[in-house]
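Quick check, what structure comes out for this input:
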Amino acid sequence: MEQIQNLLQNQILKAAEEKLDAEIDKLDNLTEDDLEDIRRKRVQEMKLRQQKMQQWKINGHGEYTEIAEEKDFFEIAKKSSNFVCHFYRDDFFRCKVIDKHLNILARKHMETKFCKINAEKCPFLTERLRIKTLPTLALVKDAKTKDYVVGFGELGNTDDFTTEVLEWRIAHADVIEYSGDLLVPPGQTTKSKLKIKNKKTIRENEDDDSD
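A predicted model of the protein is given here:
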């Protein structure tokens, strides 16, 4: 068994070395025109990114804010292609836990708009999105609700989950730019055992506070 493992490791190492050698050869063969083309593309990418950053700031990205009225939810969804909305109640402790983490993520992910809305003050919206459990995060992509994070069940079912775990979970809906491994939660070395599901509706979870 050990011999087989060593053989597999050697094969993987050899493949990695061959790939690296190929990349080095490719760089060695680049002409001045190739390098200039790469530089132009990089400059253009940086300009486009800067334009996006300016638009995100105009749209209020970079801070975690509260939505005052239901109609504002739809306006934000139209303006921001990536949108995370926390449905909360003031008297729910777990909602305050979510607030703490989203404050951090809002500053980290300028590409996404992070907001919260009091579920008691938006009956039409909670009915339309079928919000039954609090806290619930609605993950909106291109003005369409793509996924939900309901309670803490997918966050380890503990109040002490890290910001990185919530970030990892949100990333499954493709509403933030994430460079980590979606199959392996932060702090673990094996694939996720969390039950990640794309949802169109919300179901009540007895383990969490519900409105």
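
Name the nearest residue to the residue sitting nearest the centre point of the chain, sequence neighbours excluded.
Residue closest to the average C-alpha location in the chain (CA atoms, centre = their mean): residue 171, at 2.8 Å. Closest residue to residue 171 apart from its sequence neighbours, by CB to CB, 6 or more residues apart in numbering: residue 178 at 3.6 Å. Heads up, the C-betas are built off the backbone N, CA and C, glycines and all.

The one you found - how many residues pack around it?
14 (other CB atoms under 10 Å).

circling back to that earlier point, contacting residues around the residue nearest to the centre of the chain?
When contacts are counted by CB atoms under 8 Å, 6 or more residues apart in numbering, residue 171 touches 178, 180, 182.

give me phi/psi at residue 66?
phi -100, psi 140 (degrees, to the nearest 10).

how about the nearest residue to it, chain neighbours excluded?
Closest to residue 66 by CB to CB, 6+ apart is residue 116, at 5.5 Å.

In this structure the one you found contacts residue 83, no?
No: look at residue 116 against residue 83 with CB atoms under 8 Å: they stay out of range, at 11.9 Å.

So which of those two has more stuff around it?
Between residue 116 and residue 83, counted using other CB under 10 Å, the more crowded position is residue 83 (25 against 20).

separation between that one and residue 109?
11 Å (CB to CB, to the nearest Å).

Just the endpoints, please. Distance across stretch 133-142?
Terminal residues of stretch 133-142 lie 24 Å apart, using CA to CA, to the nearest Å.

Done for today, thanks.
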